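Q: Return a 3D structure for these sequence lines:
(2 chains)
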Amino acid sequence: MSFVGRSEAERREMLQRIGAPSLEALWAAIPPEFRVRGSLPVDAPLAEYEIARRFAQWAESNADANHYACFLGAGVYDHFIPAALRSLLSRSEFATAYTPYQPEVSQGTLQSIFEYQSMICELTGMEVANASMYDGATACAEAAHLAIGATGRRIVLVSEGVHPHYREVVRTYAAAGSFEVRDVPLERGATAVPALKRLLTPEVAAFLWAQPNFEGIVEDGLALTEATHAAGAYSIASADPVALAVLQPPGKDGADIVVGEGQPLGVPMGYGGPLVGFFSVRKSDVRRLPGRLAGVTVDLDGRRGFVLTLQTREQHIRRERATSNICTNQGLMALANTVHMALLGAQGMREVALQSMEKAHYLARRAAQVPGVSLANGEAPYFREFVLRLPGPAAGFLRAAEKRRILAGVPLERFDRARSQEILVAATEKRTREEMDRYVETLAEWARRPAKAKVEEAACRS
Amino acid sequence: MKAPKDLKYTPSHEWVRVRGQEAEVGITDFAQGELGDVVFVELPAVGTSVARNKSFGTIDAVKTVSDLFAPLSGEVAAINTELKANPALINQSPYEKGWMIRIKMASPAEADSLLSAEAYEKTLGAHA
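A: Now for the predicted structure:
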């Protein structure tokens, strides 16, 4: 049945059925000031091909990573995605699959989830990973929630090195779940261990930190975790999966929960998503794990089979006592992660990580040689992202770079008004030497201009 | 359906064995039979306060999960740590090896209002 194109006769029939003499009579209860008289102020209808052309033209005006050299990061990164991934992902068996409640008809989906979980465990150094979360931010909040339940304590410490958006999401969960969030400051880009120790009171359930952190700095996961454990609290790491291919996984640092954002593993950069979170714990906490979990078992004849397991944790069975109200997983994006990792392999993932790191370091070194420009966090070790301090308002430089088809970084003023001269810059394996040299040239050119011009530029912007 | 005569019972299928100031608590043979294979029990920490008719933990079977209700008020004096590794003890030996917690009773008189074996069996009525 169609929901559009009612004929006059059908309208009359419907009005008659509900006992209204006319459409005007039916709408009489709506105050006249809310009624639109005459025709709606919209353009005349267009043919399908005209609409397609108009939208294509609008899309062309986007400054996207296909047409610009993208040095943006801050949680979402421009890593290479093999073409085979898209083909596999758009197969209808995967693209249309929903919750695999019935293992007898869902072996393919369940096996892919099981493989995803196994790969995440290898990356994080943990024992059990779930079938995925909505995104890295909610994974952090759920991890805080797990620690609250496990320890019976009600304070969660969060490093200021955790993505500001993730911290907001944790605070949102805290407001609803009646736990308290306290910030742990950074010192030269890394979490300040003495401050952490001071804040670790006996009421603290967990400490949440990021590896590498929002400013790109590699944290001393071992020191942070040891301090946290000394206070009997959970150490929760929010880790970048690309970095985990070369950095010591937080699981090896002793972290109790390792979560993170899976976008860098084969998920394109969309405006607002989709993203995908991963969530891994030690076996001793498997009963507290939020969300779905695929397991492997044998059937009556001894053949291998995959099933959703430990479902009594979940909301469709445990109702209000469930470990979480997530009743799903980010299935297709988790599959993208799985296919991506399988296509690259361990060696390929290491290569991506190393190339990104080397390129970021090349760019940072050259940029910091430009007079007036410096690395905001000095000598602190960083992975594929760093904070540049500029000799004037960052907005001016970002606009100058845009003119040369460079997306030069994320302005930190967006998160902290005091940091108007700082930008967060990321480099992935996709960046070429030509692009990075063009970046540095543009930066040098902009930095040479008199300060007066820079101020005027900033004034124009506002 | 077994309901030993020397124990006290609740309508929510917990049993109580009173020993001096302490009361040992578990779930009845009927309850374990209804739940099926027990795969996990979540028990409170020793020293936790429990209140009569309030949940003190949960029990997971393969396809369901239930609250465990405290038959008496008091403080948890001991928990059966064996159940962590071997929750099937609840199915195999509900009244002995499958005990869950010992409560140091706040008010031993509360035990008087619990059900006798006969009264409990009557509540099962058509089920048993």
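
Q: Just the buried residues of stretch A:365-376, please?
A: A:Arg366, A:Ala367, A:Val370, A:Val373, A:Ser374, A:Leu375, A:Ala376 (16 or more other CB atoms under 10 Å in any protein chain shown). Heads up, the C-betas are built off the backbone N, CA and C, glycines and all.

Q: Which of those residues sits closest to chain B?
A: Relative to chain B, the closest of the buried residues of stretch A:365-376 is A:Ala376; by CB to the nearest CB it sits at 45.8 Å.

Q: can you pull the contacts of that closest one?
A: By CB atoms under 8 Å, 6 or more residues apart in numbering or on different chains, the contact set of A:Ala376 is A:Gly189, A:Glu215, A:Phe386, A:Val387, A:Leu388, A:Arg389, A:Glu422.

Q: By neighbour count, which of those wins?
A: A:Phe386 (28 neighbours; other CB atoms under 10 Å in any protein chain shown).

Q: returning to that earlier point: tell me which of the buried residues of stretch A:365-376 fall in helices.
A: Members of those lying in helices (criterion: DSSP state H): A:Arg366, A:Ala367.

Q: need the buried residues of stretch A:365-376 in CSV with pLDDT, can you?
A: Shown next, in CSV, are the buried residues of stretch A:365-376 (pLDDT from 0 to 100):
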residue, pLDDT
A:Arg366, 98
A:Ala367, 98
A:Val370, 97
A:Val373, 97
A:Ser374, 97
A:Leu375, 97
A:Ala376, 97
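
Q: Adding distance to A:Arg303, write the buried residues of stretch A:365-376 out as a markdown table.
A: Formatted as a markdown table, the buried residues of stretch A:365-376 follow (distance: CB to CB, whole Å):
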| residue | distance to A:Arg303 |
| --- | --- |
| A:Arg366 | 58 |
| A:Ala367 | 58 |
| A:Val370 | 64 |
| A:Val373 | 63 |
| A:Ser374 | 62 |
| A:Leu375 | 57 |
| A:Ala376 | 58 |
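
Q: what's the closest of the buried residues of stretch A:365-376 to A:Leu275?
A: The shortest gap between A:Leu275 and any of these belongs to A:Ala376, at 26.7 Å (CB to CB).

Q: Could you find the closest non-adjacent residue to that closest one?
A: Once flanking residues are discounted, A:Ala376 sits nearest to A:Val387: 3.9 Å by CB to CB, 6 or more residues apart in numbering or on different chains.

Q: helix, strand or coil for that neighbour?
A: strand (DSSP: H, G, I helix; E, B strand; the rest coil).

Q: Could you verify my assumption that it touches A:Leu412?
A: Yes - A:Val387 is within contact range of A:Leu412, at 6.8 Å (criterion: CB atoms under 8 Å).

Q: any common contacting residues for the two?
A: Common neighbours of A:Val387 and A:Leu412 (CB under 8 Å, 6+ apart) are A:Glu422, A:Ile423, A:Leu424.

Q: Flag every residue of chain B that's near chain A.
A: Residues of chain B found near chain A (CB under 8 Å from any CB of the partner chain) are B:Val39, B:Phe40, B:Glu42, B:Ala45, B:Thr58, B:Asp60, B:Ala61, B:Val62, B:Lys63, B:Thr64, B:Val65, B:Asp67.

Q: Do you know the pLDDT at the most centrally placed residue in chain B?
A: The residue lying closest to the centre of chain B (CA atoms, centre = their mean) is B:Gly26, at 2.4 Å. At B:Gly26, the model reports a pLDDT of 97.

Q: With the one 5 residues further on instead?
A: The per-residue pLDDT reported for B:Ala31 equals 95.

Q: just to confirm, which helix or strand has the closest residue to A:Val276 other than its chain neighbours in it?
A: Spatial nearest neighbour of A:Val276, excluding adjacent residues (CB to CB, 6+ apart): A:Met333 at 3.6 Å. Under the criterion of DSSP states H and E, A:Met333 resides in helix A:331-368.

Q: who are the neighbours of that helix, in terms of helices and strands?
A: With contacts taken as 3 or more CB pairs under 8 Å, 6 or more residues apart in numbering or on different chains; DSSP states H and E, helix A:331-368 sits against helix A:83-89, helix A:92-95, helix A:107-124, strand A:374-375, strand A:385-389, strand A:422-426, helix A:433-448.

Q: can you do 6 Å?
A: helix A:83-89, helix A:107-124, helix A:433-448 (3 or more CB pairs under 6 Å, 6 or more residues apart in numbering or on different chains; DSSP states H and E).

Q: Just the mean pLDDT for the first one, thanks.
A: Taken as a whole, helix A:83-89 has a mean pLDDT of 94.

Q: And for stretch A:130-150?
A: pLDDT averaged over stretch A:130-150 gives 96.

Q: Give me the contact list for it.
A: Under the criterion CB atoms under 6 Å, 6 or more residues apart in numbering or on different chains, residues A:113, A:156, A:165-166, A:169-170, A:173, A:179, A:205-206, A:208, A:234, A:236, A:238, A:257, A:259-261, A:275-277, A:279, A:288-294, A:324, A:329-330, A:334 lie in contact with stretch A:130-150.

Q: Would you check that A:Ala237 makes contact with A:Asp256?
A: No - using CB atoms under 6 Å as the test, A:Ala237 is too far from A:Asp256 to be in contact (9.0 Å).

Q: between these two, which one's more packed in?
A: A:Ala237 (32 against 25).

Q: which residues touch that one?
A: A:Trp209, A:Gln211, A:Pro250, A:Ala255, A:Val258.
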